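K.L.:
The following comprises the amino acid sequence and a computationally predicted model.
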Amino acid sequence: MSDLEGQQLTAAQRAALEAELADMEGPQRAAAVAAIATAREFGDLSENFEYHAAKNEQGLLEARIRKLRHRLHNAVTVEHTSTDTVGVGSIVEIEDEQGEKMEIEISSVGGVSPDSPLGRALMGATVGTAVDVPAPRGAWQATIVSIRSS
């Protein structure tokens with residue numbers, strides 16, 4: 001979901017994004033304003049690199065704040081507590097064709113997105129299921145070893 005509409009988040013994931021937003025709107029925003037004020041004291045604004053850099057940083061921060069607000073406003077909170085099937089919030093151990101195991105969390109916040117090729121392949125699958133995962137370098141197969149909730 002490129003525009004983040006209807007994104008599924010667990011309560012913990014929502015709380016993490018809300019904490020990040022609060023930090024950005026509080027201490028980080030105050031620091032950006034202070035940096036601009038300090039840079040203004042350096043003189044002529046047309047040739048003041050520090051001022052332009054501080055304004056640029058403030059613009060990036062404000063864009064991130066808008067993005068997070070939009071994401072939280074449009075997100076749907078879900079609680080997937082089942083260990084029978086993979087869903088948003090599941091922690092899944094998979095094994096690839098070479099026998100290598102990895103543990104992943106299905107999450108739009110710091111994990112494997114449910115909208116990614118791997119996430120789509122795993123969603124709704126059960127333990128013991130082999131799933132085909134499309135990838136740029138060629139499809140690969142993963143077997144679900146275990147599922148637990150986060």
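P.N.:
Received it, and whenever you're ready, just let me know what you need. Everything numeric in this text was worked out from a predicted model, so none of it was measured.
K.L.:
List the contacts of Leu17.
P.N.:
Leu9, Leu68, Arg71, Leu72, Ala75, Val109 (C-beta atoms under 8 Å, 6 or more residues apart in numbering). In short, each C-beta sits where N, CA and C put it, glycine included.
K.L.:
Out of those, list just those in helices.
P.N.:
Leu68, Arg71, Leu72 (DSSP state H).
K.L.:
where's the first one relative to Leu9, distance?
P.N.:
Which is Leu68. Distance, Leu68 to Leu9, by C-beta to C-beta, to the nearest Å: 12 Å.
K.L.:
In terms of neighbours, single out the busier of those two.
P.N.:
For Leu68 and Leu9, the more surrounded residue by other C-beta atoms under 10 Å is Leu9, and the numbers stand at 21 against 18.
K.L.:
OK, contacts around that one?
P.N.:
Leu17, Ala75, Val76, Thr77, Val78, Val88, Ser108, Val109.
K.L.:
can you redo those as TSV with pLDDT and distance to Ala53?
P.N.:
Below are the contacts of Leu9 laid out as TSV (pLDDT from 0 to 100; distance: C-beta to C-beta, whole Å):
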residue	pLDDT	distance to Ala53
Leu17	92	27
Ala75	87	33
Val76	85	38
Thr77	84	38
Val78	80	41
Val88	87	39
Ser108	78	31
Val109	80	29
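K.L.:
Which of those residues sits closest to Ala37?
P.N.:
Leu17 (29.1 Å; C-beta to C-beta).
K.L.:
and the host helix or strand of that closest one, which residues are buried?
P.N.:
Using DSSP states H and E, Leu17 sits in helix 11-23. Buried residues in helix 11-23, counted by 16 or more other C-beta atoms under 10 Å: Gln13, Arg14, Leu17, Glu20, Leu21.
K.L.:
again, but for stretch 137-147
P.N.:
Trp140, Ala142, Thr143, Ile144, Ile147.
K.L.:
Mind putting these into JSON lines with pLDDT, distance to Asp84 and secondary structure?
P.N.:
JSON lines is the format used below for the buried residues of stretch 137-147 (pLDDT from 0 to 100; distance: C-beta to C-beta, whole Å; DSSP: H, G, I helix; E, B strand; the rest coil):
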{"residue": "Trp140", "pLDDT": "93", "distance to Asp84": "24", "secondary structure": "strand"}
{"residue": "Ala142", "pLDDT": "92", "distance to Asp84": "18", "secondary structure": "strand"}
{"residue": "Thr143", "pLDDT": "94", "distance to Asp84": "16", "secondary structure": "strand"}
{"residue": "Ile144", "pLDDT": "95", "distance to Asp84": "11", "secondary structure": "strand"}
{"residue": "Ile147", "pLDDT": "93", "distance to Asp84": "7", "secondary structure": "strand"}
